[in-house]
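Participant: coords please:
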Amino acid sequence: MTAPTAAEPVVEVSGVRYAIDGRRIFDNLSLQARHGEITAVLGPSGTGKTTLLRLLMGAIRPAAGRVTVFGAQVPALKRADLYALRRRVGMLFQNGALMSDLSVFENVAFPLRAHTRLPEPLLRRLVLMKLQAVGLRGAADLAPAALSGGMARRVALARAIAMDPELLIYDEPFVGLDPISLGVILRLIQSLNATLGITTIVVTHDVQEISRIAHQSYLLANGGVVAAGSPAELRAAAAPVVNQFMNGLPDGPVPFHVPAPDYREQLLGNPDA
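Facilitator: Okay, here's the model as predicted:
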């Protein structure tokens, strides 16, 4: 696995098919994330955005198609090679996933202790540098329980960049944040991508926020990509499903209700239905 050039995609998904218990999640899904760019993966809840991340990291395998990260076919990697690939990737999980029994400092230090044998003075400097980058060096000794939601998300981000990743992935980074914290996270996503010269993938359903910083966006629905391009190009798309999602319309091709038997019949008909 080699470092990609600016013209090459760091992540490439091509013709991927995947189902869970017979329910189709992806059917011929194709997209890519290029070096140095912020790529947004958008879509309503239940369209497989987090499933896509699990495919990229080799936690699950597609039934068909190709999943390539850093030029390597992820489903074909042996365990040691898969772990080596994951060390090149930073992940900000949807809920932050901080370890409650460790301090802020030790949460950020965790991947460094797990994957390196750095002397303690150097490890301390690196952790403080990562915390400084997210504005939380002064919170190093706090417990996660003492943090606000926005602060916890920033600590998780400091941990995600602890190993200086080449690819940084955010899973729903804006959920539950107040406007100030949201603005801070947006600025951090943009500045880290530019300063570190990395590739960024942001999985989200928050259209307005990510549109301010994304270079390329993909909208997932119906098992695949229904629109791709800059945020402005997505807004101009004529497809009803794109218009519904980008403008937050309650009615359209994306249903509110999960398919179910006839409502009246189920309520008043056979009691066992």
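Participant: Going by C-alpha atoms from here, please, whenever you check contacts or count neighbours.
Facilitator: Noted.
Participant: those helices in the chain, which residues are they?
Facilitator: Here the chain has its helices, by DSSP state H, at 49-56, 79-86, 104-115, 120-133, 149-160, 179-196, 207-210, 231-236, 240-246, 263-268.
Participant: got the CA coordinates for the first one in CSV?
Facilitator: By that I understand helix 49-56. Written as CSV, here are the backbone C-alpha positions of helix 49-56 (Å, rounded to 0.1, in the frame of the first residue of the first chain):
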residue,chain,number,x,y,z
LYS,A,49,-24.0,5.4,5.5
THR,A,50,-22.5,3.7,8.5
THR,A,51,-22.5,0.4,6.7
LEU,A,52,-20.3,2.0,4.1
LEU,A,53,-17.8,2.9,6.7
ARG,A,54,-17.8,-0.7,8.0
LEU,A,55,-17.1,-1.9,4.4
LEU,A,56,-14.2,0.6,4.1
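Participant: who touches it?
Facilitator: 41-43, 60-62, 67-69, 74, 171, 203-204, 220 (C-alpha atoms under 8 Å, 6 or more residues apart in numbering).
Participant: Also the fifth one?
Facilitator: With C-alpha under 8 Å, 6+ apart as the contact definition, helix 149-160 has outside contacts at 90-93, 95-98, 104, 107-111, 130-131, 133-134, 136, 144, 168, 173, 176-178, 181-182, 185.
Participant: of those, buried ones?
Facilitator: 90-93, 96, 98, 104, 107-109, 111, 130-131, 133-134, 136, 144, 168, 173, 177, 181-182, 185 (16 or more other C-alpha atoms under 10 Å).
Participant: sorry, back to before: neighbour count, pLDDT and distance to Ile210 added to the contacts of helix 49-56, as TSV?
Facilitator: Formatted as TSV, the contacts of helix 49-56 follow (neighbours: other C-alpha atoms under 10 Å; pLDDT from 0 to 100; distance: C-alpha to C-alpha, whole Å):
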residue	neighbour count	pLDDT	distance to Ile210
Val41	27	92	10
Leu42	27	86	9
Gly43	23	79	12
Ile60	15	92	27
Arg61	19	93	28
Pro62	17	93	28
Val67	27	95	24
Thr68	21	94	24
Val69	23	94	23
Val74	22	94	27
Asp171	20	88	12
Val203	25	90	9
Thr204	23	85	8
Leu220	24	87	15
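Participant: Any chance of CSV for those, columns distance to Gly15?
Facilitator: Formatted as CSV, the contacts of helix 49-56 follow (distance: C-alpha to C-alpha, whole Å):
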residue, distance to Gly15
Val41, 16
Leu42, 18
Gly43, 18
Ile60, 16
Arg61, 13
Pro62, 10
Val67, 9
Thr68, 12
Val69, 15
Val74, 14
Asp171, 22
Val203, 19
Thr204, 22
Leu220, 14
